[in-house]
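**Student:** what follows is a predicted structure for the sequence shown.
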Amino acid sequence: MSRGATALPRSLGHTGTGPLDRGDRSRLTAAVSETTGRDEPGERPPTLFGPPAEVPTRVLVLGMVRQDGSLEAGELYAVAEACGQSVEQVRSCLRRLVAEGLFVRHGEGRDARFDATPEALRSMGENLERSRLAFGQDAAGRGWDRCWHLVAFAIPEAKRASRDAFRDQLIHMGGAPIQNGLYVSPHPWEKAARDQADRLGVLEHTTFATTDDLEVGGVTDPRKLAAMLWPLDELGRKYQAFVERYDFVPGLLEERRREKKRLTEEEFLPGSLAFGIEYQQCFDDDPLLPPELLPRPWPGRDARELVLTCRRLGVLLREEHEKPKLFAPWDDLLLSFRS
């Protein structure tokens, strides 16, 4: 089974991890319409967003962080219970996050509050900015200035750990290797790359440059260069699989809306969390190239449109709007792109 994939239980007649066919969807629709109390002990019901899935506790915990970087234990435990996570699982995860220096705890038990450290805030801020860039590019459909941004480094072996960390950061930021120690991006990433180099103590070994005339292996056409430097075919297949797996969800949500039926916490929270995790596994590998460099049509854009639609409808249909929110900062960002 691929990373992040989920499978329908055999009782629903589906044993694989591919897109659901019409029969699978009918059985899933019927299953989520039943009361959750009918399930056998130890079994979790299917959710409206898809089949039940194992959700990493760490993702759940970080999903409850507010805009200001705070996390309330009492709110977290309530959401965790609705997602089938035990209090001890959550406590153990919180202890690890504190030990890693990502959060500072204040108070005890359900009254405890956890505040994100600057390192955690930086990481969460970067993720939000990546989402802002992706949805902004989708909305504009264009915007590249045809300028390539280069980062080169020659870091000595004595700083091997920092060299490896810097290389990983450049790839995480969407850069592609041209050759050893030379990376390229179509985005103006100089400030972010310089900050990373400074943080890792390798700035003195780093060079920055820009050009509108890039040639690699005899290739100069920008779109051909993008296809050669980044694994766009593989990424496109991952996005397409996500779209095909969940393209039935908007119809079910719209049907709930027409029938004036709300989503219970047991339907909304675990389902939307699993849905978000599968999308994020595609998004984390996306260099977020400008539309001018991507194949057309690009399934990444379809995936984000699906996310927008499902999250918007799911939040509107949630039965208990006053309850704590998962991914609240992310939802605020998403909804700003949809009138």
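**Tutor:** Cool, the structure landed.
**Student:** what's the distance between Lys260 and Leu252?
**Tutor:** In this view, Lys260 and Leu252 are 14 Å apart by C-beta to C-beta, to the nearest Å. From N, CA and C alone the C-beta is placed, and that goes for glycine too.
**Student:** and the two? Which one has more around it.
**Tutor:** The neighbour count for Lys260 versus Leu252, taken as other C-beta atoms under 10 Å, is higher for Leu252 (18 against 7).
**Student:** where do the strands sit along this structure?
**Tutor:** For the chain, strands defined by DSSP state E occupy the ranges 70-72, 103-106, 113-116, 148-153, 176-179, 182-185, 206-211.
**Student:** buried sites along the last one?
**Tutor:** Read it as strand 206-211. Across strand 206-211, burial judged by 16 or more other C-beta atoms under 10 Å covers Thr206.
**Student:** and if you look at the second one?
**Tutor:** Neighbour counts over strand 103-106 (16+ other C-beta under 10 Å) mark Phe103 as buried.
**Student:** what's in contact with that strand?
**Tutor:** Contacts with strand 103-106, where a contact means C-beta atoms under 8 Å, 6 or more residues apart in numbering, come from Leu71, Leu94, Leu97, Val98, Ala112, Arg113, Phe114, Asp115, Ala116, Thr117, Ala120.
**Student:** quick one: contacts for Thr309?
**Tutor:** Neighbouring residues of Thr309 by C-beta under 8 Å, 6+ apart: Pro250.
**Student:** which parts of the stretch 101-250 of the chain are helices?
**Tutor:** Counting by DSSP state H, counting those that start in this stretch, one finds helices in the stretch 101-250 of the chain at the ranges 118-140, 160-172, 190-199, 222-229, 232-246, 249-258.
**Student:** can you put those in CSV and add distance to Glu267 and mean pLDDT?
**Tutor:** Output for those, formatted as CSV (distance: least, C-beta to C-beta, whole Å; pLDDT from 0 to 100):
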stretch, distance to Glu267, mean pLDDT
helix 118-140, 25, 86
helix 160-172, 34, 96
helix 190-199, 39, 95
helix 222-229, 40, 97
helix 232-246, 15, 95
helix 249-258, 9, 89
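**Student:** could you dump those helices to a markdown table with distance to Arg301?
**Tutor:** A markdown table is the format used below for the helices of the stretch 101-250 of the chain (distance: least, C-beta to C-beta, whole Å):
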| stretch | distance to Arg301 |
| --- | --- |
| helix 118-140 | 5 |
| helix 160-172 | 22 |
| helix 190-199 | 24 |
| helix 222-229 | 15 |
| helix 232-246 | 9 |
| helix 249-258 | 16 |
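**Student:** distance of the spatially most central residue of the chain relative to Leu253?
**Tutor:** Nearest residue to the geometric centre of the chain (C-alpha atoms, centre = their mean): Gln280, 2.4 Å. To Leu253, Gln280 is 20 Å away according to C-beta to C-beta.
**Student:** what number of residues lie near Glu100?
**Tutor:** Neighbour number of Glu100 under other C-beta under 10 Å is 11.
**Student:** quick one on the thing from earlier: between the strands of the chain, which gets nearest to Gly218?
**Tutor:** strand 176-179 (13.2 Å; C-beta to C-beta).
**Student:** alpha carbons of that closest one, as CSV, please.
**Tutor:** In CSV, the C-alpha atoms belonging to strand 176-179 read as follows (Å, rounded to 0.1, in the frame of the first residue of the first chain):
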residue,chain,number,x,y,z
ALA,A,176,15.8,21.4,-8.5
PRO,A,177,19.5,20.3,-8.8
ILE,A,178,21.2,21.2,-12.1
GLN,A,179,24.5,19.6,-11.0
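**Student:** give me the helices and strands touching that strand, please.
**Tutor:** Judged by 3 or more C-beta pairs under 8 Å, 6 or more residues apart in numbering; DSSP states H and E, strand 176-179 is in contact with strand 182-185, helix 222-229.
**Student:** how does it look with 6 Å?
**Tutor:** If you count contacts as 3 or more C-beta pairs under 6 Å, 6 or more residues apart in numbering; DSSP states H and E, strand 176-179 packs onto strand 182-185.
**Student:** how about the contacts made by Glu81?
**Tutor:** For Glu81, no contacting residues are found, by C-beta atoms under 6 Å, 6 or more residues apart in numbering.
**Student:** how close does the most far-flung residue of the chain relative to its centre sit to Gly181?
**Tutor:** Computed with C-alpha atoms, centre = their mean, the residue of the chain farthest from its C-alpha average is Gly218, at 35.5 Å. Here the criterion is C-beta to C-beta. By it, Gly218 lies 21 Å from Gly181.
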